[in-house]
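A.B. asks: heads up, no residue letters with this:
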(Lines give C-alpha, C1' and ligand atoms only; values in the text may rest on other atoms or scores of the structure.)
Protein backbone atom coordinates (compact mmCIF):
# COMPACT_ATOMS: atom_id res chain seq x y z
CA UNK A 1 0.00 0.00 0.00
CA UNK A 2 1.39 3.41 -0.94
CA UNK A 3 1.49 6.02 1.79
CA UNK A 4 -2.08 7.21 2.40
CA UNK A 5 -2.82 10.91 2.68
CA UNK A 6 -6.07 10.43 4.58
CA UNK A 7 -7.91 7.85 6.64
CA UNK A 8 -11.61 7.54 7.39
CA UNK A 9 -12.80 5.41 10.29
CA UNK A 10 -16.49 4.50 10.43
CA UNK A 11 -17.79 3.29 13.80
CA UNK A 12 -20.99 1.26 13.98
CA UNK A 13 -23.62 -0.03 16.40
CA UNK A 14 -24.86 -3.41 15.19
CA UNK A 15 -28.55 -4.31 15.28
CA UNK A 16 -29.54 -5.58 18.71
CA UNK A 17 -30.87 -8.92 17.49
CA UNK A 18 -27.63 -9.79 15.67
CA UNK A 19 -24.88 -11.51 17.60
CA UNK A 20 -21.25 -10.77 16.73
CA UNK A 21 -20.87 -13.70 14.32
CA UNK A 22 -24.21 -13.08 12.63
CA UNK A 23 -23.43 -9.40 12.20
CA UNK A 24 -20.01 -10.14 10.73
CA UNK A 25 -21.43 -12.72 8.32
CA UNK A 26 -24.21 -10.37 7.23
CA UNK A 27 -21.77 -7.51 6.68
CA UNK A 28 -19.49 -9.77 4.63
CA UNK A 29 -22.42 -10.80 2.42
CA UNK A 30 -23.21 -7.16 1.71
CA UNK A 31 -19.56 -6.34 1.02
CA UNK A 32 -19.34 -9.23 -1.45
CA UNK A 33 -22.47 -8.04 -3.26
CA UNK A 34 -21.40 -4.39 -3.16
CA UNK A 35 -17.59 -4.16 -2.96
CA UNK A 36 -16.10 -0.91 -1.69
CA UNK A 37 -13.83 0.20 -4.53
CA UNK A 38 -14.19 3.94 -5.20
CA UNK A 39 -11.41 5.93 -6.90
CA UNK A 40 -8.51 6.70 -4.60
CA UNK A 41 -9.21 3.99 -2.03
CA UNK A 42 -5.94 2.29 -1.09
CA UNK A 43 -7.15 -0.19 1.51
CA UNK A 44 -10.38 -1.23 3.24
CA UNK A 45 -10.54 -3.12 6.53
CA UNK A 46 -13.62 -4.40 8.35
CA UNK A 47 -12.97 -4.83 12.07
CA UNK A 48 -15.43 -7.30 13.52
CA UNK A 49 -16.49 -7.19 17.16
CA UNK A 50 -14.71 -9.37 19.71
CA UNK A 51 -16.09 -10.29 23.11
CA UNK A 52 -14.44 -8.55 26.02
CA UNK A 53 -13.02 -5.13 26.71
CA UNK A 54 -9.64 -3.76 25.69
CA UNK A 55 -7.74 -3.41 28.98
CA UNK A 56 -6.62 0.21 28.58
CA UNK A 57 -6.41 1.67 32.07
CA UNK A 58 -7.77 5.13 31.34
CA UNK A 59 -10.47 4.50 28.74
CA UNK A 60 -13.86 2.83 29.00
CA UNK A 61 -15.27 0.27 26.59
CA UNK A 62 -16.76 2.06 23.58
CA UNK A 63 -20.45 1.68 22.87
CA UNK A 64 -19.64 0.77 19.25
CA UNK A 65 -19.55 -2.83 18.08
CA UNK A 66 -17.46 -2.71 14.91
CA UNK A 67 -15.49 -0.37 12.70
CA UNK A 68 -14.32 0.15 9.14
CA UNK A 69 -10.96 1.67 8.31
CA UNK A 70 -10.46 3.20 4.86
CA UNK A 71 -7.09 4.56 3.70
CA UNK A 72 -7.13 7.05 0.81
CA UNK A 73 -4.66 8.53 -1.65
CA UNK A 74 -6.16 11.98 -1.05
CA UNK A 75 -8.59 13.54 1.42
CA UNK A 76 -10.74 14.65 -1.52
CA UNK A 77 -11.13 11.02 -2.62
CA UNK A 78 -12.78 10.19 0.71
CA UNK A 79 -14.94 13.32 0.57
CA UNK A 80 -16.04 12.55 -3.00
CA UNK A 81 -17.02 9.00 -2.04
CA UNK A 82 -19.14 10.05 0.95
CA UNK A 83 -20.77 12.80 -1.12
CA UNK A 84 -21.45 10.48 -4.07
CA UNK A 85 -24.79 9.10 -5.18
CA UNK A 86 -23.29 5.62 -4.97
CA UNK A 87 -22.70 6.13 -1.24
CA UNK A 88 -26.06 7.82 -0.64
CA UNK A 89 -28.21 5.52 -2.77
CA UNK A 90 -26.45 2.17 -2.46
CA UNK A 91 -23.61 1.83 0.07
CA UNK A 92 -25.45 3.29 3.04
CA UNK A 93 -28.97 1.89 2.35
CA UNK A 94 -27.58 -1.63 1.91
CA UNK A 95 -25.83 -1.52 5.29
CA UNK A 96 -28.16 0.54 7.48
CA UNK A 97 -30.53 -2.44 8.03
CA UNK A 98 -27.69 -4.15 9.92
CA UNK A 99 -27.21 -1.17 12.25
CA UNK A 100 -29.18 0.62 14.95
CA UNK A 101 -28.56 4.01 13.39
CA UNK A 102 -26.30 6.03 11.16
CA UNK A 103 -22.61 5.26 11.59
CA UNK A 104 -20.13 7.70 13.12
CA UNK A 105 -17.18 8.96 11.09
CA UNK A 106 -13.74 10.14 12.20
CA UNK A 107 -11.14 11.26 9.69
CA UNK A 108 -7.59 12.51 9.64
CA UNK A 109 -4.05 11.98 8.42
CA UNK A 110 -2.76 8.55 9.56
CA UNK A 111 0.66 8.28 11.14
CA UNK A 112 2.20 4.81 10.96
CA UNK A 113 4.38 4.70 14.07
CA UNK A 114 5.70 1.13 13.79
CA UNK A 115 4.97 -2.06 11.86
CA UNK A 116 6.44 -5.54 11.59
CA UNK A 117 7.41 -6.46 8.04
CA UNK A 118 5.80 -9.92 8.04
CA UNK A 119 2.05 -10.54 7.48
CA UNK A 120 -0.24 -10.67 10.49
CA UNK A 121 -1.15 -14.17 11.73
CA UNK A 122 -4.71 -15.45 11.84
CA UNK A 123 -4.70 -14.93 15.61
CA UNK A 124 -4.14 -11.15 15.34
CA UNK A 125 -6.49 -8.78 17.17
CA UNK A 126 -6.85 -5.02 16.99
CA UNK A 127 -7.54 -2.42 19.67
CA UNK A 128 -9.04 0.82 18.41
CA UNK A 129 -8.36 3.62 20.89
CA UNK A 130 -10.69 6.65 20.75
CA UNK A 131 -8.97 9.39 22.73
CA UNK A 132 -10.44 12.66 23.94
CA UNK A 133 -7.79 15.28 24.54
CA UNK A 134 -7.46 17.09 27.85
CA UNK A 135 -9.18 20.41 27.27
CA UNK A 136 -6.33 22.36 28.83
CA UNK A 137 -4.13 21.26 25.91
CA UNK A 138 -4.05 22.87 22.51
CA UNK A 139 -4.85 20.28 19.84
CA UNK A 140 -1.30 20.26 18.51
CA UNK A 141 0.05 19.72 22.03
CA UNK A 142 -2.23 16.70 22.34
CA UNK A 143 -1.05 15.36 18.95
CA UNK A 144 2.62 15.92 19.73
CA UNK A 145 2.35 14.03 23.03
CA UNK A 146 0.24 11.19 21.62
CA UNK A 147 2.26 10.51 18.47
CA UNK A 148 5.59 11.51 20.03
CA UNK A 149 6.58 10.75 23.60
CA UNK A 150 3.60 8.46 24.31
CA UNK A 151 4.21 6.43 21.14
CA UNK A 152 7.86 6.03 22.09
CA UNK A 153 6.81 4.85 25.54
CA UNK A 154 4.31 2.43 23.97
CA UNK A 155 7.07 0.81 21.94
CA UNK A 156 9.62 0.78 24.74
CA UNK A 157 8.43 -2.18 26.79
CA UNK A 158 10.81 -5.15 27.18
CA UNK A 159 8.56 -7.46 25.13
CA UNK A 160 6.34 -4.99 23.27
CA UNK A 161 7.77 -5.59 19.80
CA UNK A 162 7.34 -9.34 20.27
CA UNK A 163 3.61 -8.84 20.96
CA UNK A 164 2.69 -5.84 18.84
CA UNK A 165 2.36 -6.05 15.06
CA UNK A 166 1.37 -2.53 14.13
CA UNK A 167 0.80 0.88 15.71
CA UNK A 168 -0.94 3.65 13.78
CA UNK A 169 -2.27 6.92 15.21
CA UNK A 170 -4.72 9.19 13.42
CA UNK A 171 -5.35 12.60 14.97
CA UNK A 172 -8.68 14.10 13.91
CA UNK A 173 -8.73 17.91 14.14
CA UNK A 174 -12.10 18.44 12.38
CA UNK A 175 -15.34 16.49 11.76
CA UNK A 176 -14.97 14.04 8.91
CA UNK A 177 -18.26 14.44 7.03
CA UNK A 178 -21.78 15.73 7.50
CA UNK A 179 -23.25 12.60 5.84
CA UNK A 180 -22.45 10.51 8.93
CA UNK A 181 -22.61 11.21 12.65
CA UNK A 182 -19.75 13.18 14.17
CA UNK A 183 -18.03 12.21 17.42
CA UNK A 184 -16.36 13.83 20.40
CA UNK A 185 -13.16 11.83 19.83
CA UNK A 186 -9.95 13.56 18.80
CA UNK A 187 -8.64 10.69 16.71
CA UNK A 188 -8.28 6.93 16.43
CA UNK A 189 -5.33 4.82 17.48
CA UNK A 190 -5.04 1.32 16.02
CA UNK A 191 -2.88 -1.24 17.83
CA UNK A 192 -2.66 -4.70 16.29
CA UNK A 193 -1.38 -7.51 18.51
CA UNK A 194 -0.30 -11.01 17.55
CA UNK A 195 -3.07 -12.58 19.66
CA UNK A 196 -5.44 -11.97 22.54
CA UNK A 197 -2.80 -13.50 24.80
CA UNK A 198 -0.19 -11.03 23.54
CA UNK A 199 -2.57 -8.13 24.11
CA UNK A 200 -3.37 -9.29 27.66
CA UNK A 201 0.32 -9.76 28.44
CA UNK A 202 1.20 -6.27 27.21
CA UNK A 203 -1.55 -4.45 29.10
CA UNK A 204 -1.02 -6.64 32.16
CA UNK A 205 2.70 -5.94 32.31
CA UNK A 206 4.49 -3.92 34.96
CA UNK A 207 5.88 -1.75 32.18
CA UNK A 208 2.36 -0.74 31.07
CA UNK A 209 1.12 -0.09 34.62
CA UNK A 210 4.19 1.91 35.62
CA UNK A 211 4.83 3.85 32.39
CA UNK A 212 1.97 3.90 29.88
CA UNK A 213 -1.01 4.11 32.21
CA UNK A 214 0.31 7.14 34.15
CA UNK A 215 1.16 8.87 30.88
CA UNK A 216 -2.33 8.37 29.39
CA UNK A 217 -3.85 10.88 31.83
CA UNK A 218 -1.27 13.52 30.89
CA UNK A 219 -2.92 14.11 27.52
CA UNK A 220 -6.31 12.31 27.43
CA UNK A 221 -9.52 12.53 29.43
CA UNK A 222 -10.18 9.09 30.96
CA UNK A 223 -13.84 9.92 31.59
CA UNK A 224 -14.64 10.23 27.89
CA UNK A 225 -11.93 8.31 26.02
CA UNK A 226 -12.90 4.82 24.85
CA UNK A 227 -11.56 1.60 23.34
CA UNK A 228 -12.96 -1.06 21.03
CA UNK A 229 -11.65 -4.63 20.78
CA UNK A 230 -11.89 -6.07 17.26
CA UNK A 231 -10.55 -8.59 14.78
CA UNK A 232 -9.87 -7.62 11.18
CA UNK A 233 -11.90 -9.86 8.85
CA UNK A 234 -11.65 -10.19 5.07
CA UNK A 235 -15.15 -9.52 3.69
CA UNK A 236 -14.56 -9.38 -0.08
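C.D. replies: Structure's in. What do you need? These figures come from a predicted structure and were not determined experimentally.
A.B. asks: Name the helix or strand for the most centrally placed residue in the chain, please.
C.D. replies: Centroid check for the chain by Cα atoms, centre = their mean gives residue 128 as the closest residue, at 4.0 Å. The secondary structure element spanning residue 128 is strand 125-130 (assigned by DSSP states H and E).
A.B. asks: Which elements pack onto whichever helix or strand comes after that strand?
C.D. replies: The first helix or strand that comes after strand 125-130 along the chain, using DSSP H and E, is helix 139-144. In this structure, helix 139-144 packs against strand 164-171, with contacts taken as 3 or more Cβ pairs under 8 Å, 6 or more residues apart in numbering; DSSP states H and E. From N, CA and C alone the C-beta is placed, and that goes for glycine too.
A.B. asks: Adjacent strands (with direction) for the strand it packs on?
C.D. replies: When pairing is defined by DSSP bridges, strand 164-171 lines up against strand 111-115 (antiparallel), strand 187-193 (antiparallel).
A.B. asks: what bits of the chain have low per-residue confidence?
C.D. replies: Within the chain, the segments meeting pLDDT under 70 span 1-2.
A.B. asks: ok, back up a step: gap between the residue nearest to the centre of the chain and residue 59?
C.D. replies: Per Cβ to Cβ, to the nearest Å, residue 128 is found 10 Å from residue 59.
A.B. asks: Please apply the same query to residue 93.
C.D. replies: When Cβ to Cβ is applied, the distance between residue 93 and residue 59 equals 33 Å.
A.B. asks: rewinding a little: so for residue 128 and residue 59, which residues contact both of them?
C.D. replies: Common contacts of residue 128 and residue 59, defined by Cβ atoms under 8 Å, 6 or more residues apart in numbering, comprise residue 227.
A.B. asks: give the contact list for the residue nearest to the centre of the chain.
C.D. replies: Remark: with contacts taken as Cβ under 8 Å, 6+ apart, residue 128 is in contact with 9, 47, 62, 67, 188-190, 227-228, 230.
A.B. asks: Can you spell out which helices and strands pack onto the longest helix seen in the chain?
C.D. replies: Of all the segments of type helix in the chain, defined by DSSP state H, the longest one is helix 20-33. Contact analysis of helix 20-33 by 3+ Cβ pairs under 8 Å, 6+ apart lists strand 41-49, strand 66-72, helix 92-95 as its packing neighbours.
A.B. asks: Adjacent strands (with direction) for the longest one?
C.D. replies: Next to strand 41-49 in the sheet, as set by DSSP bridges, lie strand 66-72 (antiparallel), strand 226-233 (antiparallel).
A.B. asks: so can I have CSV of the helices and strands packed on helix 20-33 showing mean neighbour count and distance to residue 165?
C.D. replies: As requested, these are arranged in CSV below (neighbours: other Cβ atoms under 10 Å; distance: least, Cβ to Cβ, whole Å):
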stretch, mean neighbour count, distance to residue 165
strand 41-49, 19, 13
strand 66-72, 23, 15
helix 92-95, 15, 28
